[in-house]
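1. What shape does this take:
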Amino acid sequence: MPKVEVGIALKEMIRVLKPGGLLFVNLPSVDCASFGEGEKVGDGEFQQVESDGTKIVHSFFGDDEADTYFADLSILSKKKWKLSINHGWFDGMSMIEYTVQK
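-> Take a look at the predicted model:
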């Protein structure tokens with residue numbers, strides 16, 4: 001989804017989170033192998049064609065770009081990982097993983 005929609009979705013998740021509650025989120029990193037594929041529609045956003053022909057906007061984030069979404073929360077953990085299994089659609093997947101607390 002476009003980054004504007006990611007922000008809206010995260011805002012709603014945070015809104016309904018109970019005080020002390022935890023939120024676990026993975027966001028695609030600009031280091032993903034699929035970054036830059038498809039038609040560029042925004043900063044770090046690309047409309048890509050899925051295997052069934054559906055066009056979907058994928059958003060990719062810089063290392064600290066998404067931190068602002070969690071400004072009012074405690075970031076308990078933030079990790080960046082890359083998965084390379086040399087087969088399937090997971091090849092070169094890179095994610096920024098957050099665990100935050102309200």
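
2. Next, the spatially most central residue of the chain: secondary structure please.
-> Centroid-nearest residue in the chain: residue 27, 1.8 Å away (criterion: Cα atoms, centre = their mean). Counting by DSSP: H, G, I helix; E, B strand; the rest coil, the backbone at residue 27 sits in strand.

3. Report the mean per-residue pLDDT for whichever helix or strand residue 9 is part of.
-> If you go by DSSP states H and E, residue 9 is part of helix 3-16. Averaged across helix 3-16, the pLDDT comes to 97.

4. CA-only coordinates of that helix, as CSV, when you get a sec.
-> Extracted in CSV, the C-alpha atoms of helix 3-16 (Å, rounded to 0.1, in the frame of the first residue of the first chain):
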residue,chain,number,x,y,z
LYS,A,3,3.0,5.2,2.5
VAL,A,4,0.1,7.5,3.2
GLU,A,5,-2.1,4.4,3.7
VAL,A,6,0.6,2.7,5.8
GLY,A,7,0.6,5.7,8.1
ILE,A,8,-3.2,5.7,8.3
ALA,A,9,-3.3,2.0,9.1
LEU,A,10,-0.5,2.3,11.8
LYS,A,11,-2.3,5.3,13.3
GLU,A,12,-5.4,3.2,13.7
MET,A,13,-3.5,0.2,15.2
ILE,A,14,-1.9,2.5,17.7
ARG,A,15,-5.2,4.2,18.5
VAL,A,16,-6.9,0.9,19.5
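
5. Tell me where this structure is predicted with low confidence.
-> Along the chain, segments meeting pLDDT under 70 span 84-91.

6. if we can go back for a sec, buried ones in the helix holding residue 9?
-> 3, 6, 10, 14 (16 or more other Cβ atoms under 10 Å). For glycine as for every other residue, the C-beta is placed from the backbone atoms N, C-alpha and C.
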